[in-house]
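Q: Kindly generate the corresponding structure for this input.
(4 chains)
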Protein chains: 2
Amino acid sequence: MKNNIRVERAILNISQAELAERVQVTRQTINAIELGKYSPSAVLAMKIARVFGKKVEEVFELEDTD
Amino acid sequence: MKNNIRVERAILNISQAELAERVQVTRQTINAIELGKYSPSAVLAMKIARVFGKKVEEVFELEDTD
DNA sequence: ATATTGTGTAAAATATACTTTACATTATGT
DNA sequence: ACATAATGTAAAGTATATTTTACACAATAT
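A: Here you go, the predicted model:
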């Protein structure tokens, strides 16, 4: 699963810590997801997309390996 | 997290077992998610929405408790 | 009436997401 | 140069998703 969290954060100009706070997870969780270390739950993916004013599919992309 | 999997399945006229097969999980997993026993991973949510030709947000809805 | 298909459920096991604490490194501001 | 903010990482623990096996019941078809 790929994602553009970094880009979307840059557009909003918010840190990983601030995004984490807005979606109620730890900064490490945002960091891990952003770096593709693991993929989030649907709930978290929807919350993140919502912060960015985007659809889930605009922030996250399925890969062939998913 | 709420969902309209049952309705979308009815529109496509496919069983839980067939949906499960199409998204590569077990029938029990589809059943549990459909009944709201737990919410899926983002990967699974995206796969399910894709089968229905819908966006994730059109199939799943965040609740206040999420 | 009987076979078959679809659905609900449950317990135990495994995999994965997420937290907590803590430290190291990189970038940015003054 | 120094302070501070932002990011990367790691290990251990907890929570949750998913699988496997198995059974019960309801609906549908023959």
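Q: Kindly export the helix or strand residue A:28 falls within (C-alpha atoms) in CSV.
A: Assigned by DSSP states H and E, residue A:28 belongs to helix A:27-34. Extracted in CSV, the C-alpha atoms of helix A:27-34 (Å, rounded to 0.1, in the frame of the first residue of the first chain):
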residue,chain,number,x,y,z
ARG,A,27,3.4,10.2,16.1
GLN,A,28,5.2,6.9,15.7
THR,A,29,2.1,5.4,14.1
ILE,A,30,1.9,8.2,11.5
ASN,A,31,5.6,7.9,10.9
ALA,A,32,5.4,4.1,10.3
ILE,A,33,2.4,4.4,8.0
GLU,A,34,3.9,7.4,6.1
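Q: by how many degrees do the following helix or strand past that helix and helix B:27-34 diverge?
A: Downstream of helix A:27-34, the first helix or strand assigned by DSSP H and E is helix A:42-51. Relative orientation of helix A:42-51 versus helix B:27-34 (axes from the mean of the first three to the mean of the last three CA atoms, to 10 degrees): 50 degrees.
Q: Point out the other elements, helices or strands, that helix A:42-51 touches.
A: Judged by 3 or more CB pairs under 8 Å, 6 or more residues apart in numbering or on different chains; DSSP states H and E, helix A:42-51 is in contact with helix A:16-23, helix A:27-34, helix A:56-59, helix B:42-52, helix B:56-59. Heads up, the C-betas are built off the backbone N, CA and C, glycines and all.
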